[in-house]
Structure formats: C-alpha cells, structure tokens
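Colleague: Below is the sequence, then the predicted model.
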Amino acid sequence: MSTNKTASSSWFAAKAAKAAGPKAAGSKSVPEPKTHDCLLGLSFVFTGELSSFSRQEAVDLAKRFGGRVTLQPSSKTSYVVLGEDAGPSKLAAIKKHGLQTLSEDKFLELIGTRVGPSGTHAKGAGLDEKFRKKMEREEEAIRSAAKEMEKREKREVKEMKEAHGGQLAGSKISDMSSHLWTTRYAPKTLKEICGNKGQVEKLRQWLQDWPSSLKSNFKKPGKNAMNVYRAVLITGPPGIGKTTSAHLCAKAEGFTPIEMNASDTRSKKLVEDGMNIYNLSLDGWIGGKEKTNALGVTITNRTCLIMDEVDGMSAGDRGGVGALNALIRKTRIPIICIANDGGAQKLKPLASTTCKLPFRRPDASAVRSRMLSIAYKEKMKIPANVIDQLIEGAQSDIRQVLNMMSTWRLSNDTMTFDEGKDLCVHSPPFALSDAVREAILTNEVGHSAKMNEKYTILTPFDVTSKMLGPYLFSKTSRETLNDKMELYFHDHAFVPLFIQENYLKTHPAGIRDLDGPPKMLKHLRLMDKAASSISDSDLVDVFIHGPEQHWSLMPLHAVCSTVRPASFVYGSGMGYGGPNGMSFPQWLGQNSKQNKLGRQLSDIQARMRLKVSGDKVEIRQSYVPALFPHLVKPLVTDGSDAVDDVIERMDEYYLTREDWDTIVELGVGENKDDVLKKIPTTTKTAFTRRYNAGEHPIAFHKAVDLGKAPKKISGGPVPDLEEAFELDDEPELADVSDEETKKPSEDQDIGGDKLIVSKSKKATRGKGKGKR
C-alpha cells in the first residue's frame, strides 16, 4: 500500500511540475533553421521538464520543422529529449533500445544546424532509406487519389449532360469547382472514409446479415452480436462521417437508402405518417413507372431507412422518439439512427431497441492522406505537418478542415506551419530569433484564429480545476484576461460557488520557494486577498441580481469572483498533487436547508401566536431553546413515560408532530440533530402512535359551514346615484289597485293568436255500455 501511495504522489508531483511550466521561461531563443523542414524524417520523444520551454512548446517546435513526436520511445525513435525528473519507464526503454538522447541545448542546436531535404539538390537526400521509400509511396498514393477524383468529376459531369440532353453545357451546374468542397469531395466508396474502419465494417456486416436475421426473427446474435437488433444507433461528434458511412454501407449491400431528418420529422403523427415507406404513390401506377413511396423514393424489397439527427427531437415534439421506438420494434427493414450525443436523456427509449455503434474522432494520421490528396488536386502546397495542425485545431472535424482549406484557397495556394496554427488557434509566444519572429509576424492571416477554433462547454469542475491549477496564471500561460473571463461564462451561476468552496485547498505557487514562518505569513496574505475579492464580488452581485439589475457588471463580477481570487491562490492541489480533492459547493445544500427551516419556523410562529407575542426571530432565539427541555429532553431521560406530558405541552402551544421535528432540527450546541440517536426507538414509536391516536386543538378554524354553500341573494343592478336623486323630482304615480294589477292586459292575451294552437280536452268515456 505504501509503494502505491509513493508512486501515486510522485505521479501527481510530476503532473504538477509539468503544468507549472519551466523554471526559466523564455531564457533561450530558437535559432534560425537552415531549412523549414530541418527535422523531417526524425522521430522525437520528450520526457522530463525542460528549463526554458514547456512540454507543449517543445512539441510544437519539433512539429513546426517537420519532426514527428510520439509519446513512448521505441526502436524507431530517432532522439529522446531529456529534461529534469525524466520518467523511469522511458529511461528504461532508452537503455533497452539503445536510443540517442538530447538535452535542451542539443535539441536547439539540431534545429539550427541540420539541413532538410528541401535544402539539398537530390530529392530525399539525407533521409533514411526506409523513410524515403515510405515518402515516395505516400506521394504516389496522393497523386493517384487526386487523378481518380478528377476522373470521377469528369464522369459525373458527362452523365449529368447526357441525362439532360446536353442542356447543362456552360452552366454552373456542370462546373464542379463552384460546389462546396464538403459536397464535392465527399467519400464515394467505403475506402475513402477516414477513420472508424472497424465500426464501418460492423455496420456493413449487420446490413449484409439483415435478410437472415429477419428470417430467424432476430434470434441469432451473429458475428458481432448485432443481429438481434432491428436498428443501429450511430453516435459521435459532428463532421466525422457518420451519415456518409451509413449511406455508403447501405449502397454497398444493395439497399436503397431513404434519409429522413429527425429535425423535420418531429411529432408522433408526422413520424408515423412520414415513415410509412410502403405508402405508395399513385403516380407510379398511372404513369406505368416503378413504384415510389410518398417521398418519391423508388421502393424495392431492400430498402434502408436512415434517421439523421435523432437527438434533434426535443421534448416539445410530443412523442416523436416514442413513435420512432415503436416503429423500430415492428420494422421489417433496417433502420439506422444517427445522433451526436448518445447519452442524451431523450434517447433513453432507444437504449433497449437499438445497437449502439459509437464513432470517435479520427486521428490526424487517418485524415492526413485524404486532405493531402485534395490539396494536391487543388494545386495547393501544404506540408503534412500543417495538415496535422489543421486537423488538431478542428478536433478532427473533417468538414471544418475542408471549409478552412477552401476559404484559404481563395487567396493563397501555400500554407506554412505558423499560418495553419494561426488559422486554428493563436501561436505560443516563443523566444524566437529576430528573423524567425519577423517571418511569423508578417504572415497575412487575417487574425481569424478564434473564428475557426472549436469550443467545448466545460463543466464547473473542469473550470475550477483549470482556474486553480498551476498553469493558467503561470509565466508561460498563453491565455489572456478575456480567455480567463470566458471560463467564468461557461456557467456564471456555479463557477463562483466552486471557486469559493475550493480556493483554500490549493498549495499556492507564490509560496513554493519559501519555508517556515515567512511561508505561512505569505500564505495567509494570499488567502486574505482572495477572500476580500470574493467579498467584493458579493457586493457586485447585489447590483446584478437586485432590483436595479445592472447586467453590464457581469465582467466585473467575473474578475472579482473567479479570476482575481484564483490569481492569488493558484497552484498544485485538487488533482495536481494536493491532499484535498475538489468539493461540491456546500452553500447550495445549506441554503436549501435554511429556506426549508425558515418556512417551518414561520408555521411554528403562526400557531404559537395564540399563546406568545414574539415575532419569528424571538421564537427562534428565545422560545425554541426554552421549549427544548420540555419537549425533547424528557423523551431522552424518562422514555415512554414522558410521552403524555410532552403531548400535553405541545397541545398548549398548538404544536403538531411535524413542529416537534423542526424544534429538534433547530437545536444548537448540545441540542443538535444527534439528540434523536439518544431517544430509544420504542419511545419514538410510542410518541408517534399516541399523538396520531389522540385529538389535538387547532389554532385556526373557519367560521362558515363546510356542508352546503350559502345561497346567493339575487339583487338587481346597482342604482346610479344621480338617477336616484332625479327620482325625487318626478311626480308620484297613482296607486294601482290589486285587481288591475292582476288583470291581464290585452297585449298579453295570447288566446286570439292564430299561430298558437291550444289542445282541447278529450272526453272521458264512462265504464257502462253505450247505446247503439
């Protein structure tokens, strides 16, 4: 156990040192290389901490000049760059394979002295024979792929012209260069799909086995245990080829793909009607053509339904996912559902009826060849390391890489490593030589770096770990003040609470070089500054969420509540080697408890008003402690014998059984919640049972009969006061006798009305015999 703890602490310490950055950042400059590909053909592994460059900066330097960086040393590694506190496993691998090692100075010297292939007359001179042949094979594959794409485009244009009788000649439709690159260079075969080859093969095998699975009623699992499902759910981030893979696999196995976007087919009725693929249209029968469904798609016995953006069905779509799930249970054709977030709550109904097929982001090596082929066809000179930089900056989103390349092609046909890095994210501030720095600064990139950078929403845990970690405020940090404030806006309600809960758990980097009493004094000062800043943020928060609602103060609140406190106490801790882990804000639970007890205390004060005259505060401070020895203590000391006395005392103050629980919860000091543990279980049971069995006075009652509702007295309209005064001036009417009042007027006599027929009384027959 002690060995594991030692290894764990050393790993955390190495991680903290790595995140803290180099000791003498910027003390060494990068020499001017003789060629831009001076490290081409070399493979590097970095271990330990360098004195002048951080790990990421050193890796970027190697990639900038054509080098290849791997994580673990092997027999193919050219050099291992050693720093302080190198990893023992990597040192053992160096000794095992007999690898060459370089210090930081030797690595910089290699950059300034080595000549790459572009500086020699013979192509590929100075490279290893295996690497040179590998480069030649890759270049030949790129050229052949570009020629194949060009032939395919010409063939498609020719087919379009023949289909329209030559009417497209000279139009924009026949000019493929006017199409978007994401459409123009979309994969046409399974071979052209980048990455996720294993998942694509599983999907193709599932479609291939569909007829036999349908015949066996989905009882046989098959090779990949997928044949028991009638549908497949493909999940993964956007832009990695999910929809394209579904279409190509369906076509490869002879299925007719019918794509329906779940964002358009939303409600239950629309899902049931729109997905009825066997709902044939009469146009096909009347015209003598092939049978088509309501969507105009030709119906065959091998049809595949592709439901894209399934997670686009929101909660207001009234049963859309449920209708889709019901369709999957009885479908007789394969259904492929596609979603970005496989763990979404709305997709839970599909968990038991679909086979999950997660797609991950492809590596740069899986996308590089395809992008280089497209660049070669478009006559763009982009090195492989620049393509890798674009792929990493776009987080393997192939569509975004193509969009960046197509936009860049409008004004340039070449791209350097620095231009590619600026197109994705800002380059790090290296201590470069004047010539190299001038070359970087004169690049006309347009400062559109942040526009192409992909953002991900961070959780409050991630933001807190980043804010209080040792890197964000270190000397080598690349983040500006705006970048640090953006972390606050990932969740402006929770991030300040997380900072307030965890800012005392770090080991500040500002006291790393101190020891003894000076270290403790400096630590206290830093904590005092951080606490003062958090207090200032509370004052700002009053103006934001108060009656005035000055929302323009949100940036100021971000600085006072998050950025400034973290700038004082940042350092190791909470996953960076500290003994204390990150905690969830306890204020949330305590605030909820305070609100609940406040409501319960209001109820107690309202019931006790018939006996006492104190307000809510006096009840809490004076009466509750005074009642505690009479309502709770007897149950602890006397047990079941004190139950009747306690109930009688509760009835005097109109307190209920729930009020007794509140009084116990409001106890402080010796009267805390753990007093319940001192009361025997039998006593608590007897207390509850006797209280429920008896009758107790009620503090409030209604004075109306709860049986029948009182009858409403019908009254006439409310008289106008002015008319009431005018009636006094009018002459009094003569009294009318009762007989004249009871006598009906001629106007009300309906006997002479011809439209009203009165029924005549029938003559009654006698019981005796009539005379004949």
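Modeller: Thanks, I have the structure now. Numbers count the residues shown, from 1 in each chain.

Colleague: In the stretch 501-650 of the chain, where is pLDDT below threshold?
Modeller: 573-580 (pLDDT under 70).

Colleague: where along it do the strands fall?
Modeller: 507-508, 571-572 (DSSP state E, counting those that start in this stretch).

Colleague: Please identify which of those strands is closest to Val612.
Modeller: Ranking the strands of the stretch 501-650 of the chain by distance to Val612, with CB to CB as the measure, places strand 507-508 first at 52.2 Å. Glycine gets a C-beta too; all of them are placed from N, C-alpha and C.

Colleague: what packs against the closest one?
Modeller: strand 571-572 (3 or more CB pairs under 8 Å, 6 or more residues apart in numbering; DSSP states H and E).

Colleague: Distance from the strand it packs on to the middle of the chain?
Modeller: From the chain centre to the centre of strand 571-572 is a distance of 28 Å (CA atoms, centre = their mean, to the nearest Å).

Colleague: re earlier: highest average neighbour count across the strands of the stretch 501-650 of the chain?
Modeller: With neighbours defined as mean count of other CB atoms under 10 Å, the strands of the stretch 501-650 of the chain peak in mean count at strand 571-572, which reaches a mean of 24.

Colleague: Show me what counts as buried in stretch 68-77.
Modeller: Residues 68-69, 73, 77 are the ones in stretch 68-77 that count as buried (16 or more other CB atoms under 10 Å).

Colleague: cool, stretch 351-360 as well?
Modeller: So, applying 16+ other CB under 10 Å, buried residues of stretch 351-360: 353-357, 359.

Colleague: Which helix runs longest in this protein?
Modeller: Under DSSP state H, the helix in the chain containing the largest number of residues is helix 129-163.

Colleague: low pLDDT regions in this structure?
Modeller: In the chain (pLDDT under 70), the answer is 1-26, 119-127, 164-175, 262-301, 313-319, 425-457, 573-580, 669-673, 700-772.

Colleague: Strands of that one, residue ranges please.
Modeller: Ranges of strands in the chain, per DSSP state E, are 43-47, 68-69, 79-82, 100-102, 231-235, 256-261, 303-308, 335-339, 354-358, 507-508, 571-572.

Colleague: could those strands go into a markdown table alongside distance to Ser245?
Modeller: As requested, the strands of the chain are arranged in a markdown table below (distance: least, CB to CB, whole Å):
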| stretch | distance to Ser245 |
| --- | --- |
| strand 43-47 | 32 |
| strand 68-69 | 29 |
| strand 79-82 | 39 |
| strand 100-102 | 43 |
| strand 231-235 | 7 |
| strand 256-261 | 11 |
| strand 303-308 | 10 |
| strand 335-339 | 9 |
| strand 354-358 | 9 |
| strand 507-508 | 48 |
| strand 571-572 | 44 |
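
Colleague: Return the closest of the buried residues of stretch 68-77 with respect to Gln345.
Modeller: Nearest to Gln345 among the buried residues of stretch 68-77, with distances taken as CB to CB, is Val69, at 39.9 Å.

Colleague: close enough to count as contact, the closest one and Gln56?
Modeller: No: using CB atoms under 8 Å, Val69 is not in contact with Gln56; the gap is 10.6 Å.

Colleague: got the contact list for Arg184?
Modeller: Arg184 makes contacts with 153, 176, as judged by CB atoms under 8 Å, 6 or more residues apart in numbering.

Colleague: 10 Å instead, please
Modeller: 149, 153, 156, 176-178, 374, 402, 406 (CB atoms under 10 Å, 6 or more residues apart in numbering).

Colleague: Ala693: neighbouring residues, count only.
Modeller: Residues within reach of Ala693, counting by other CB atoms under 10 Å, total 7.

Colleague: can you pull the contacts of Lys251?
Modeller: Contacts of Lys251 by CB under 10 Å, 6+ apart are 188-190, 207, 257, 304.

Colleague: got JSON lines for those, with neighbour count too?
Modeller: Formatted as JSON lines, those follow (neighbours: other CB atoms under 10 Å):
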{"residue": "Lys188", "neighbour count": "14"}
{"residue": "Thr189", "neighbour count": "11"}
{"residue": "Leu190", "neighbour count": "17"}
{"residue": "Leu207", "neighbour count": "23"}
{"residue": "Pro257", "neighbour count": "18"}
{"residue": "Cys304", "neighbour count": "23"}
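
Colleague: Which residue, neighbours along the chain excluded, lies closest to Leu110?
Modeller: Leu102 (6.8 Å; CB to CB, 6 or more residues apart in numbering).

Colleague: typo on my end, it should be Pro496
Modeller: Using CB to CB, 6+ apart, the closest residue to Pro496 is Ser561 (3.8 Å).

Colleague: that older thread, got the contact list for the residue nearest to Leu110?
Modeller: 44, 46, 78-82, 108-110.

Colleague: ok, now with 7 Å
Modeller: Contacts for Leu102 (CB atoms under 7 Å, 6 or more residues apart in numbering) come out as 79, 81, 110.

Colleague: That one bridge partners, please.
Modeller: With DSSP bridges applied, Leu102 shows beta-bridge pairing to Val81.

Colleague: ok, now how distant is it from Val81?
Modeller: Distance, Leu102 to Val81, by CB to CB, to the nearest Å: 5 Å.

Colleague: next one: Arg370
Modeller: Arg370 is 31 Å from Val81, by CB to CB.

Colleague: now Arg599
Modeller: 64 Å.

Colleague: Neighbour count: these two, which is higher?
Modeller: Val81 (24 against 10).

Colleague: the helices in the stretch 151-300 of the chain, which residues?
Modeller: 181-184, 197-208, 210-215, 242-252, 268-274, 282-286 (DSSP state H, counting those that start in this stretch).

Colleague: that older thread, just to check, the residue nearest to Pro496 is in contact with Asp536?
Modeller: No: with contact defined as CB atoms under 7 Å, Ser561 does not reach Asp536; the gap is 8.5 Å.

Colleague: hmm, back to that, nearest to Ser411, of the strands of the stretch 501-650 of the chain?
Modeller: strand 571-572 (45.4 Å).
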